[in-house]
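**Student:** what's the 3D shape of this:
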Amino acid sequence: MAESLTGPPGANPVDDTFRCPICLEEVRNPKYLSCFHTFCETCIQTYISSTAARKDNETLKTIECPVCRKRIEAPNNDIRSEEWALALPQNKLIVSMSVDPKKEEHKFCMFCKRSDKSVIAKHWCKSCMESICDDCKCFHSNVPILRGHKIRSLSDTQELKNDIEVDEPCSVHKGKFLEIYCMDHDKLCCSICFATEHRMCKQVKAIEDVAVEMDQNRVQHKLTLFKDLLESLENTQEEYNDKVTTLNSRKQEIVSSAEKKVEEIKSQIDKAHVQWLKQFEQKHTDSVGNIEIASDEIKRLATTVQDAKNLLQTVKENGSTKHIFVTNHKLGVQVLEHLDRLRTLDIWDFVQDYNHQNTDFLRQICNDGSFEDVSSSEMPSTTLQKFLTFSSLLSDKLDITRRRKVMCRKDWMKVNFQNISEMNLPTTVYYGLFVSDTKVIMSIESPPSLKVYDISDAVGECVHTHSCQATPYGLCQSGDCMDKVYVSFTDYIDYYQIKVAESVTFTKLGTFQLKEPMLVISYGTAAVSSANDNKRMICSSDFSVINHSSPYSERGVKPFVSSSLRSDRHCFVRKPDVVVVDQNNKDIFQSSVTGGSPRGLTFDLQDNILICLMNSKIKQVRDGGTESRDINFPGIVYSYNIALHPTGEKMLVLDYNSKCCVYKVS
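**Tutor:** Down below sits the predicted model:
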């Protein structure tokens, strides 16, 4: 239990960069599984031969990754363990970064060795990834297809580490390499992947181009996240060790006390005591066993994170920009998948203590014929919340910030809006919100529910319905975490995490009981703006009113408010004006709204205000109220409410005629 999360005791963290997780030695002939974990070929072969099996409902033999437990299928049923291990792809990136002239396999020219000649190698070909002699180096220069290969002297250790460039193979199409990045689906693709699955995608670039544009701070930020996660996992492991020690101590105290009482009682008590002890031992075994299982999973996660951190650090220092980008993306996906798998396990609620107040065994045996069982007190672990926190930090926050910076450079009083998706709604919907690039959530009054729609096609469709006990109204997010949504139910607010990967899942993270009813809510940089049918309020982050409220001007009409994510501003409609106030409810400016009946509104990325007019237009008012324009929105008859994607790349407009349109901002 006290073993280190990141390697054997006393190990140098630098030396652990390319160690096999099975033998804990320097990895030899590195082979990797589809989850990207890398092992010695002989180690993974031995593991396959001892664990490969086929269940009744499976067509192929499978193994579980020794680190993350992901299920891996065999290429075919008749394959032997040696053939399976040999068929696994070689981790060429590790091979290219582990060149050492002192190693036996790098001492002789590999070209000559295939002709049964033993010639001392003096050079390393980075393209062939083999050691070569002087003659074979000359041969490279004489063959046109080999002239472009990068050849370095084995004696120049610094040059061997510089400018590492290895073509990453496609995991789906054998013989193809990753060349393309689809931003619509966040996927790395080969040419066949692109032709078969992403040909119609709008945002597709060569990996080299995306890598050149990549912000190096994103890599450093992810390294910092890995470091923080490792520290958190170390602390969690120590907490688990303390829990086991406490439970063992309490168990011993109770057993010792019971034994002293039992010694005073005759054979009937002895029999009851044996039965009681057996039940308590089982309870203790289950309690400690659950913690040990969780501890083992934490150790496996730490191995994934440590390997990811070490590899990303090395690639950052020695790799090309392309491989920094590819490795950064792959390792982020690897850690997120491992975290997601752990969150599905039902192992995170632990026994905190044992309770056994009544030790009057003589009375118990006389009255009940048995001893009173030891009870246990359980408490949910904080581990799941840590997983959720790190998952959200590792996912899309940095990407949202980068994309928003690009959109902020536009003049938003001149941007255009292109209709990219429409959907008919089951009833009039008042509030909607983006929860990813391709999913939106709507609050449905009847029946009370939250519906998630896929907007990746021209005609959007409902992909998930989450039933609610009460009618949901306003929706909002805090910061850049699109998957975490606050939903107002008039007297309380529920806080959800909404995952929209292959399937949609809702996880309730908490509930805020309200002292003042709230129909609409909007999170800002320093305060929350909210409103009900009677008044508008400025609140703290826990939705407590900060003594600032004012009457809402339109009774009988659903309230609408909006808060800026770039400044301390909140806006609302006070007919005939749109009003902007600060967090102290002090007016900053107001501008008259003409040409319609104003309803929902939102700030854009430059604090201009977009206002629905209950017709086919939306009015845009420049920050300060000095200028405005009317914008026609195709597909909209009665513009009712509006929501901007956190990056500013898309906008959602609700039509009062039970319809919603999504527009691309350009």
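**Student:** what about the longest helix in this protein?
**Tutor:** Criterion DSSP state H: the longest helix present in the chain is helix 267-318.
**Student:** next secondary structure after it?
**Tutor:** Going down the chain from helix 267-318, the next helix or strand is helix 321-343, by DSSP states H and E.
**Student:** extract the C-alpha set from that following helix and format it as PDB.
**Tutor:** Provided in PDB are the C-alpha atoms of helix 321-343 (Å, rounded to 0.1, in the frame of the first residue of the first chain):
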ATOM      1  CA  THR A 321       6.400  20.800 -33.800                       C
ATOM      2  CA  LYS A 322       4.300  18.200 -35.600                       C
ATOM      3  CA  HIS A 323       5.100  15.500 -33.000                       C
ATOM      4  CA  ILE A 324       4.700  17.900 -30.100                       C
ATOM      5  CA  PHE A 325       1.100  18.500 -31.400                       C
ATOM      6  CA  VAL A 326       0.300  14.800 -32.100                       C
ATOM      7  CA  THR A 327       1.800  13.600 -28.800                       C
ATOM      8  CA  ASN A 328       0.100  16.300 -26.800                       C
ATOM      9  CA  HIS A 329      -3.300  15.400 -28.400                       C
ATOM     10  CA  LYS A 330      -2.800  11.600 -28.000                       C
ATOM     11  CA  LEU A 331      -1.700  11.800 -24.400                       C
ATOM     12  CA  GLY A 332      -4.600  14.100 -23.500                       C
ATOM     13  CA  VAL A 333      -7.000  11.600 -25.000                       C
ATOM     14  CA  GLN A 334      -5.300   8.700 -23.200                       C
ATOM     15  CA  VAL A 335      -5.500  10.300 -19.700                       C
ATOM     16  CA  LEU A 336      -9.200  11.400 -20.300                       C
ATOM     17  CA  GLU A 337     -10.200   7.900 -21.400                       C
ATOM     18  CA  HIS A 338      -8.500   6.400 -18.300                       C
ATOM     19  CA  LEU A 339     -10.300   9.000 -16.100                       C
ATOM     20  CA  ASP A 340     -13.600   8.300 -17.800                       C
ATOM     21  CA  ARG A 341     -13.300   4.600 -17.200                       C
ATOM     22  CA  LEU A 342     -12.500   5.100 -13.500                       C
ATOM     23  CA  ARG A 343     -15.500   7.300 -13.100                       C
END
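**Student:** so which bits of it are buried?
**Tutor:** Buried residues in helix 321-343, counted by 16 or more other Cβ atoms under 10 Å: 321-339, 341-343. For the C-beta atoms, the positions are set from N, CA and C on the backbone; glycine is no exception.
**Student:** for the longest helix of the chain, the distance to its chain's centre please.
**Tutor:** Here helix 267-318 is found 24 Å from its chain centre; the criterion is Cα atoms, centre = their mean, to the nearest Å.
**Student:** and for stretch 456-468?
**Tutor:** That offset, for stretch 456-468, works out to 22 Å (Cα atoms, centre = their mean).
**Student:** can you pull the buried residues of that stretch?
**Tutor:** Residues 456, 460, 464, 466, 468 are the ones in stretch 456-468 that count as buried (16+ other Cβ under 10 Å).
**Student:** what's the distance between Cys408 and Ile365?
**Tutor:** Distance, Cys408 to Ile365, using Cβ to Cβ, to the nearest Å: 77 Å.
**Student:** I should have written Leu345 there, sorry.
**Tutor:** 41 Å.
**Student:** returning to what we had before: neighbour count winner among Cys408 and Ile365?
**Tutor:** Counting neighbours by other Cβ atoms under 10 Å for Cys408 and for Ile365 shows that Ile365 has the greater number, 18 against 14.
**Student:** correct me if wrong: that one contacts Phe371.
**Tutor:** Yes - Ile365 is within contact range of Phe371, at 7.1 Å (criterion: Cβ atoms under 8 Å).
**Student:** hey, what's in contact with both of those two?
**Tutor:** Counting by Cβ atoms under 8 Å, 6 or more residues apart in numbering, the common neighbours of Ile365 and Phe371 are Ala272.
**Student:** ok, Pro611 - contacts?
**Tutor:** Actually, residue 611 is Ile rather than Pro. Contact analysis of Ile611 by Cβ under 8 Å, 6+ apart lists 573, 578, 593, 598-601, 618-621, 642.
**Student:** redo the residues you listed as a markdown table? Include distance to Glu213 and neighbour count.
**Tutor:** Shown next, in a markdown table, are these (distance: Cβ to Cβ, whole Å; neighbours: other Cβ atoms under 10 Å):
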| residue | distance to Glu213 | neighbour count |
| --- | --- | --- |
| Val573 | 40 | 24 |
| Val578 | 37 | 23 |
| Val593 | 40 | 21 |
| Pro598 | 40 | 24 |
| Arg599 | 39 | 23 |
| Gly600 | 35 | 26 |
| Leu601 | 34 | 22 |
| Ile618 | 32 | 24 |
| Lys619 | 35 | 22 |
| Gln620 | 30 | 19 |
| Val621 | 34 | 25 |
| Ile642 | 30 | 22 |
